[in-house]
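Asker: I'd like to go over a predicted model; first the sequence, then the structure.
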Amino acid sequence: MTTIHNKHINSLDKDNLEKMVFDLQNLLEIALSLSSNLEFDSLVESILYICIGQMIVDKAAIFLNSNLENDELTLYMSRGYTLEPDLKIVSKSKLINYLYSNCGIIDSDKARELMSADPTTKETYDMLKPEIVIPLKSKNSINGLIFLSQKIMENSYTEHDFQFLEKMAKFASIAVENSRLYRMATLDRMTGLFIHHYFQERLVEEIKRSERTGTPLTLIMADLDHFKDVNDTYGHQQGDIILKGTASIIHQNIRAFDIASRYGGEEFAIILTETDIEAAYTIAERLRKKIEAEVYENGNKELTVTISIGLAQFNHEIDKNGIDLIKRADTALYSAKATGRNRVIKSD
């Protein structure tokens, strides 16, 4: 009997050891994958899919501090849920206060206790009904929360699951913070578009990729019309509102992998990858019309602005580098200005 019992224990130990080794290898791969990814959206998506895949759930949501102006956590990405994009968790909520003084993952009972009775989080709780909440902590602050639903097979989260997710969360927290700092260094604070230097770096990369793969690449150069008059007449604060509004329209009307930047002042540059000039013209016309249609209020007045746009498709026979491509797109932009503004002109 003792011999059988010892064999059973040894067998269990071996199984546990093998699982432990497997999990450590898995965590190492996750850590390497997350730490090497500085693209914020791609990183966040990776974190969500790691949670979904490892825990076998069909619903996951992540809230992050993506606004530099405050400490609120806003819904950044979700899978499986149907959620309003403006969902947020304020820094003074019971949930956040509890997590600052208590480390680790919280279960469904604690999540219900903290969130359902708090007016600031009740609506969010009703939409999510989380089985567990995983805090992402960095430098004594909470920079994110991951909400996971019940497992697909409806079995409970185990102590082993909690341990795995806590280790994963440490790697994810560091990766999110590093990516966030990188994004802060590459984004224009006012518009949320990429800065000029980052645009130049990416243009070089995308031209090389276009040459290597043979896929088309088109550059948009755009400039708000008579913007100096707007600043002189209505003030720079109104000008800033229009710049932000224009940037928002650009964000909403290009693909996630296109690269939009504030080139300087009221001028914008957009790299359209895998896009020829005809397809780029359609995108540019859509942007032009939406920017023209946008109405800005200034006291009792309603203001509108227009934009002139120049396009150039990369041509390895005439474009020796990114500078040549920019010059051709700029020339087309100047033509749009010279021929009446508020139009799109294609480079030859």
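Answerer: Done, it's in.
Asker: Name the residues of stretch 239-251 that come out as buried.
Answerer: 239, 241-243, 245-247, 249-250 (16 or more other C-beta atoms under 10 Å). For every residue, glycine as well, the C-beta is placed using N, CA and C.
Asker: of all these, which comes closest to residue 40?
Answerer: Using C-beta to C-beta, residue 247 comes nearest to residue 40 of those, at 16.8 Å.
Asker: on that earlier part again, which of the buried residues of stretch 239-251 sits closest to residue 318?
Answerer: Of the buried residues of stretch 239-251, the one sitting nearest to residue 318 (C-beta to C-beta) turns out to be residue 250, at 27.3 Å.
Asker: Which ones among the buried residues of stretch 239-251 lie within helices?
Answerer: Secondary structure defined by DSSP state H assigns 239, 241-243, 245-247, 249-250 of the buried residues of stretch 239-251 to helices.
Asker: Take those and lay them out in a markdown table including pLDDT.
Answerer: Output for those, formatted as a markdown table (pLDDT from 0 to 100):
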| residue | pLDDT |
| --- | --- |
| 239 | 96 |
| 241 | 96 |
| 242 | 97 |
| 243 | 97 |
| 245 | 96 |
| 246 | 97 |
| 247 | 96 |
| 249 | 96 |
| 250 | 96 |
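Asker: from these, which single one is nearest residue 83?
Answerer: Using C-beta to C-beta, these come closest to residue 83 at residue 249, 23.5 Å.
Asker: Look at residue 315 and say how many residues are nearby.
Answerer: 15 (other C-beta atoms under 10 Å).
Asker: for it, helix, strand, or coil?
Answerer: Here residue 315 is coil, with the state taken from DSSP: H, G, I helix; E, B strand; the rest coil.
Asker: try residue 82
Answerer: Assignment for residue 82 (three-state DSSP): coil.
Asker: now residue 223
Answerer: Going by three-state DSSP: residue 223 is strand.
Asker: show me what contacts the residue lying closest to residue 223 once chain neighbours are set aside?
Answerer: Leaving out its chain neighbours, the residue that sits closest to residue 223 by C-beta to C-beta, 6 or more residues apart in numbering is residue 267, at 4.6 Å. Contacts of residue 267 were listed using C-beta atoms under 8 Å, 6 or more residues apart in numbering, and they are 221-224.
Asker: give me phi/psi at residue 267?
Answerer: Residue 267 adopts backbone torsions of phi -110, psi 140, taken as degrees, to the nearest 10.
Asker: and of the contacts of residue 267, the nearest to residue 72?
Answerer: Among the contacts of residue 267, and counting by C-beta to C-beta, the member closest to residue 72 is residue 224, at 30.5 Å.
Asker: Tell me what the closest one is bridged to.
Answerer: residue 307 (DSSP bridges).
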